[in-house]
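Q: A predicted structure for the sequence below; I have some questions about it.
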Amino acid sequence: MSIKGPVLMYGAGREARSTLAFLKETAPNEQVDVVVDTGQADLPGTQQVPTESLAAAIRDKKYRLIVRSAGVSIYKSDLVAARAAGIEITTNINLWAAYKRNDAITIAITGTKGKSTTAKLIFTTLKQAGLDAGLGGNIGVPPLDLPPCTHAVLELSSFQTADMDFNLDFIGITSLFPEHLDWHGTEENYFSDKLNILRRKRPYCCALNPQVVERSCLPQPPNGLVRALADLSPDFQSRLLKQVAASRLKGDHNAQNAILAARLCLGVGVSEENILEGIAAFEPLPHRLQEVQLGGKTFVNDSIATNPEATKAAVAAYPEGKVALILGGYDRAQKYGGLVANLKNSTLSQVWFLPDTGHRILSEIGTGNTPFTCHKAGSLEHLFEQLATNPDQFETLVLSPGAPSFNQFRNFERRGETFLELARKHFT
């Protein structure tokens, strides 16, 4: 199968650069254009086309193929029109499956939260077992950049599962809560797009965390295609949970994720002992309950927490001591009623509320009848300046915003880096 141009790439970030390198390798003589919603596309060898010309280009069928970057919604009007016009739309991950997967056993992990940690834990365990494993997807390595391997572990966002068109060997789902409604448009679309991962055409093995099993939105694939992986034996689960407690996996939610990872690894053929070794060897990913010790205090960078359920899990992971929580970020109209109720029953000593959602949550909570003190801040810099004047007011400081970063930072990574930079500045 060959790629025929002209090709239009929609998006110009990390994944687009990966896609462009692939296109130049496999179809070096084809024209490649790029379009972005804002700004300039820095992709050498391409021609940027203005967004206002896109509707006419689609109407005239100027392009034979459109490659959508994951962050570009399938519901964008231009892409809807392109599909209606019969123009093929694909993605980095679909190109990987068509051109580079070969015969790799593929284990795909998705979920609203916990998917990155679970995917990396599976990858670590497979490596401990001596298997030739690769790790990619939403975890920071575009699938087309994966080196050849016998076992591919993919961490997939709803942006990637929405229109994925290839079969999988193993599927794990960590959790399901509404998120990314600005991309999907509705909760119904979010769940349908996320769970499109289950709508395959060949048999696969599947493991779901308990919270997922309870969701009424689960599609019902033909029973002949799905083999549910067995639960762990009571003895092995007991040993596994002891290993988790001694590891760097924090919180009850990660204990559930470790069980899910173990079920999938057993399905692949990994031994129980290798699974325990994988848990012991696991190194947490940055920005996911990442602990840093400074000046006798613990600073927890959980900047990846862009939804309220992730923040609830972070609060539950630190039930003891004088714990302060930093909350708030970009407002994409998420519902925070459940988090407010959770906070009111927590053991937190104080909560710092940042713009924009933090200020909205503070107005919902009010300043009375809370087990913690409430502090309103305009920025992380402002917050740390105030904390430094009275360092005895906390022992553990948790950044778990429950919202995206875009109102003050370009991405969650930069927000987490700033948090740790300020911690080092003020507490070392």
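A: Everything's here; your move. What you see is a predicted model; the values in this text were computed from it and never measured.

Q: hey, let's count contacts and neighbours off CA atoms from now on
A: Noted.

Q: Contacts for stretch 84-95, please.
A: Outside stretch 84-95, the residues within contact range by C-alpha atoms under 8 Å, 6 or more residues apart in numbering are 15-16, 18-19, 58-59, 61, 63-70, 82-83, 137, 142-144, 160, 164-166.

Q: Tell me which residues of that stretch come out buried.
A: Using 16 or more other C-alpha atoms under 10 Å as the test for burial, stretch 84-95 gives Ile87, Ile89, Thr90, Thr91, Asn92, Ile93, Asn94, Leu95.

Q: give the contact list for Glu283.
A: Each residue near Glu283 by C-alpha under 8 Å, 6+ apart is listed here: Arg248.

Q: what separates it from Pro143, distance-wise?
A: 22 Å (C-alpha to C-alpha, to the nearest Å).

Q: what's the answer for Gly11, then?
A: From Gly11 to Pro143 the distance is 16 Å (C-alpha to C-alpha).

Q: Please give me every residue in contact with Leu294.
A: Here Leu294 is in contact with Ala423, Arg424, Phe427, Thr428 (C-alpha under 8 Å, 6+ apart).

Q: Who is it paired with across the strands?
A: Lys297 (DSSP bridges).

Q: Tell me which two in the buried residues of stretch 84-95 are the farthest apart.
A: Pairwise distances across these peak at 18.2 Å for Ile87 and Ile93 (criterion: C-alpha to C-alpha).

Q: quick one: buried residues of stretch 346-359?
A: Neighbour-count burial for stretch 346-359 flags 346-359 (criterion: 16+ other C-alpha under 10 Å).

Q: Compare Gly11 and Pro143 (neighbour count), which wins?
A: Pro143 (29 against 21; other C-alpha atoms under 10 Å).

Q: can you pull out the strands in the stretch 301-428 of the chain?
A: Applying DSSP state E, counting those that start in this stretch to the stretch 301-428 of the chain gives strands spanning 323-327, 350-353, 373-376, 396-399.

Q: if we can go back for a sec, just the ones in strands from the contacts of stretch 84-95, please.
A: Leu65, Ile66, Val67, Arg68, Gly137 (DSSP state E).

Q: Now distance to Ala228 too, for those, in TSV please.
A: Shown next, in TSV, are the ones in strands among the contacts of stretch 84-95 (distance: C-alpha to C-alpha, whole Å):
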residue	distance to Ala228
Leu65	37
Ile66	36
Val67	34
Arg68	32
Gly137	24
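
Q: quick one on the thing from earlier: ok, which of the strands of the stretch 301-428 of the chain comes nearest Ala129?
A: Across the strands of the stretch 301-428 of the chain, Ala129 has its closest neighbour in strand 396-399 (34.3 Å, C-alpha to C-alpha).

Q: what is the mean pLDDT for that closest one?
A: The pLDDT scores in strand 396-399 average 99.

Q: who does that strand touch, helix- and strand-wise?
A: Under the contact criterion of 3 or more C-alpha pairs under 8 Å, 6 or more residues apart in numbering; DSSP states H and E, strand 396-399 touches strand 297-301, strand 323-327.

Q: right, so the ones you listed: which one is the most enclosed?
A: Neighbour counts (mean count of other C-alpha atoms under 10 Å) averaged over each of the helices and strands packed on strand 396-399 peak at strand 323-327, with a mean of 25.

Q: Now do it, average pLDDT.
A: Average pLDDT, strand 323-327: 99.

Q: Same check on stretch 42-61?
A: Stretch 42-61 comes out with an average pLDDT of 96.

Q: list the buried ones in that stretch?
A: Buried-residue list, stretch 42-61, by 16+ other C-alpha under 10 Å: Leu43, Thr46, Gln48, Leu54, Ile58.

Q: end-to-end on that stretch?
A: 25 Å.

Q: what residues does it touch?
A: If you take C-alpha under 8 Å, 6+ apart as the criterion, stretch 42-61 is touched by 12, 17, 20, 31-37, 40-41, 63, 78, 81-82, 85, 87.

Q: picking up where we left off before, reformat the strands of the stretch 301-428 of the chain as TSV; add distance to Lys24.
A: Conversion of the strands of the stretch 301-428 of the chain to TSV gives the following (distance: least, C-alpha to C-alpha, whole Å):
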stretch	distance to Lys24
strand 323-327	44
strand 350-353	47
strand 373-376	51
strand 396-399	41
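
Q: To Ser233, which of these lies closest?
A: strand 396-399 (34.9 Å).

Q: before we move on, the earlier item: which of the contacts of stretch 42-61 fall in strands?
A: Val32, Asp33, Val34, Val35.

Q: Tell me which stretches of the stretch 101-250 of the chain form helices.
A: For the stretch 101-250 of the chain, the helices defined by DSSP state H, counting those that start in this stretch cover 115-128, 158-161, 181-184, 187-194, 210-213, 234-245.

Q: what's the neighbour count on the closest residue in space to Leu354 that isn't next to it in sequence?
A: Counting by C-alpha to C-alpha, 6 or more residues apart in numbering, the nearest residue to Leu354 once its immediate chain neighbours are dropped is Gly328, at 4.7 Å. Using other C-alpha under 10 Å, Gly328 has 29 neighbouring residues.

Q: how close does Gly328 sit to Val36?
A: Noted for Gly328: a distance of 28 Å to Val36, by C-alpha to C-alpha.

Q: Could you do Ser303 as well?
A: For Ser303, the distance to Val36 equals 26 Å [C-alpha to C-alpha].

Q: Just want to know which of these two has more residues nearby.
A: More crowded of Ser303 and Val36, by other C-alpha under 10 Å: Ser303, with 31 against 17.

Q: was I right about that one contacting Glu413?
A: Yes. Contact criterion C-alpha atoms under 8 Å: Ser303 and Glu413 qualify, at 7.0 Å.

Q: where exactly do the helices run in the stretch 251-400 of the chain?
A: Using DSSP H, counting those that start in this stretch, helices in the stretch 251-400 of the chain cover 252-268, 272-281, 308-316, 337-344, 357-365, 380-389.

Q: For Val398, which of these is the nearest?
A: For the helices of the stretch 251-400 of the chain, proximity to Val398 was assessed by C-alpha to C-alpha; helix 308-316 is nearest, at 7.9 Å.

Q: mind checking how far the closest one is from the chain centre?
A: 15 Å (C-alpha atoms, centre = their mean, to the nearest Å).

Q: Show me the beta-bridge partners of the closest residue to Lys127 other than its chain neighbours.
A: Leaving aside its sequence neighbours, Lys127 sits nearest to Ala133 (C-alpha to C-alpha, 6+ apart; 6.2 Å). In this entry, Ala133 is beta-bridged to His151, by DSSP bridges.
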